[in-house]
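Peer 1: predicted structure and sequence below. I'll ask about it afterward.
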Amino acid sequence: MAEPTTALTYTDLVKEVALTASTAYYGATGTDRALPPVNNVHDLDECKRAVTNGIRMFINDAPVRGWRWMRRIMSITFVPAITGTAEAGTSTSLTDTTIADTYADNYFNTFTIKIIGGTGEGETATVTGYTGSGGKFDFSGGLSGGSTPDDTSEYRICRSLSVIDADPARYLMDENFGGTVDGKILYAANSNLGHIEWRDESYIRERKEISRNTGYPTAAAIRPYEPTSNALLATRRFEFIVDPDPSTADTVEFPYTLYFNDFILEGGVADTPADATTTLIDATRTEPDDFFIGYVVRIIGGTGKGSYATVTGYAGSTGTFTVADWLDQSGNADGTDPVADSVYVVEATTNVHPAGFRFDDTILAACLARAEMDIENFPAGYMDYYMKKALPNAYNIDARSAPKRLGSMNYGPKIRERIWKDVESV
């Protein structure tokens, strides 16, 4: 079930700070509804910084035993690898007729195929088309090293976007995972698969150095993820590794404490697009190639207002966002194509704050309180409201999430009394 539609998004919070700071953008004619200040880089950065610092302040103002809402369970479902040997290939395709009529057309689209032996060993490509009747993989950009597959090329592919480098033993962790676990790792309920335990990642590397076995993983580890390409695309991320390689799609779970990862929200006014149906151009952008892939670009003002699309490509040299098609507000392929006056924002697909909608009021109060500290000439009084009213209410909300038989988990009244005294002494 989705969150209520009234839940505050990151964009909403930035807009609220901009409204209070009198820096909101009202469109090119000044008659649109209030928008984040995408027309002014300085104002936008100032508002984003206040929101980010406000959320961090709220997290740091936790009860004695920490926020209960930050205690999460990570669930990872293994993806067995599909392997084979090519019978033929071109610069943009690989064919293996031994799997013909086994998988449906486009079954492998968007997933990574890796050459693990023979010509092109170590190179990868993203599958853009798959022909089931012929066992043919297409990859429009070719292999990463430029090789042409032939009948010596052994390949491996996993149908998951979380799998790293087409390796069924490696999984990229969510951005909100900070690198530590809070308890045992177990197979999901009713799995009856036996024991799996945490080990040092060197133990797993040593075992794989000897041989790569397949079966039910019995050892798992966490290690920093170090991408082989653009490091800017995966900073501060972690990966989950197991041994042996999984043979079935089983699920493991373990507890962890949520980590707040900074949001990305950028925006501006579009230039004349090269192809309005599939591109949006903003030549003022400075991010590197592919930086926004997977993000959502949304038209929030001017022509096309309400239309959105998922970014499938981004060229940093020209500030060109490539999309498959512009969708309308209902998700149908009837969106209005952008033009030179279209105001846009680009953000992650999940851009809501991490605490959940129950804490919307406190999060907003924290952002405005932080803006009061960080932004010159910002109206006063928000810090007082945050400390005296919103934060104590958040303690009570968080405490009510504990089972009644456990009693209060947060010592809320004592903390509230201390906070009031601290505020009154300032």
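Peer 2: Here it is on my side, so go on.

Peer 1: does I99 touch K136 like I think?
Peer 2: No. I99 is not in contact with K136 according to CB atoms under 8 Å; the separation is 9.8 Å. (Each C-beta comes from the backbone N, C-alpha and C, glycine too.)

Peer 1: of those two, who's got more company?
Peer 2: Set I99 next to K136 and count neighbours by other CB atoms under 10 Å: K136 wins out with 21 against 16.

Peer 1: need the contact list for that one.
Peer 2: S93, L94, T95, Y130 (CB atoms under 8 Å, 6 or more residues apart in numbering).

Peer 1: the third one: neighbour count?
Peer 2: Spelled out, it's T95. By the measure other CB under 10 Å, the count of residues near T95 is 20.

Peer 1: so how far is T102 from it?
Peer 2: T95 is 13 Å from T102, where distance means CB to CB, to the nearest Å.

Peer 1: overlap in contacts of those two?
Peer 2: Residues touching both T95 and T102 (CB under 8 Å, 6+ apart) are G135.

Peer 1: who wins on neighbours among the contacts of K136?
Peer 2: The most neighbours of any of the contacts of K136, using other CB under 10 Å, belong to L94, which has 28 neighbours.

Peer 1: and it, what's its pLDDT?
Peer 2: Here the pLDDT value assigned to L94 is 97.

Peer 1: mind listing the strands for the stretch 301-426 of the chain?
Peer 2: Taking DSSP state E, counting those that start in this stretch as the test, the strands found in the stretch 301-426 of the chain are 308-315, 320-323, 343-347.

Peer 1: the ones you listed: which one's closest to A365?
Peer 2: Nearest of the strands of the stretch 301-426 of the chain to A365, taken as CB to CB: strand 343-347 at 22.5 Å.

Peer 1: ok, Y203 - contacts?
Peer 2: Going by CB under 8 Å, 6+ apart, Y203 touches A219, A221, D243.

Peer 1: so what's the last one up against?
Peer 2: Right, D243. Residues near D243 by CB under 8 Å, 6+ apart: A169, Y203, I204, R207, K208, N213, P217, T218, A219.

Peer 1: change it to 6 Å
Peer 2: Taking CB atoms under 6 Å, 6 or more residues apart in numbering, we find D243 in contact with I204, R207, A219.

Peer 1: give me the buried subset of the residues you listed.
Peer 2: Buried by 16 or more other CB atoms under 10 Å: I204, A219, out of those.

Peer 1: so can I have JSON lines of the contacts of D243 showing secondary structure and distance to T248?
Peer 2: Converted to JSON lines, the contacts of D243 look like this (DSSP: H, G, I helix; E, B strand; the rest coil; distance: CB to CB, whole Å):
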{"residue": "I204", "secondary structure": "helix", "distance to T248": "19"}
{"residue": "R207", "secondary structure": "helix", "distance to T248": "19"}
{"residue": "A219", "secondary structure": "strand", "distance to T248": "17"}
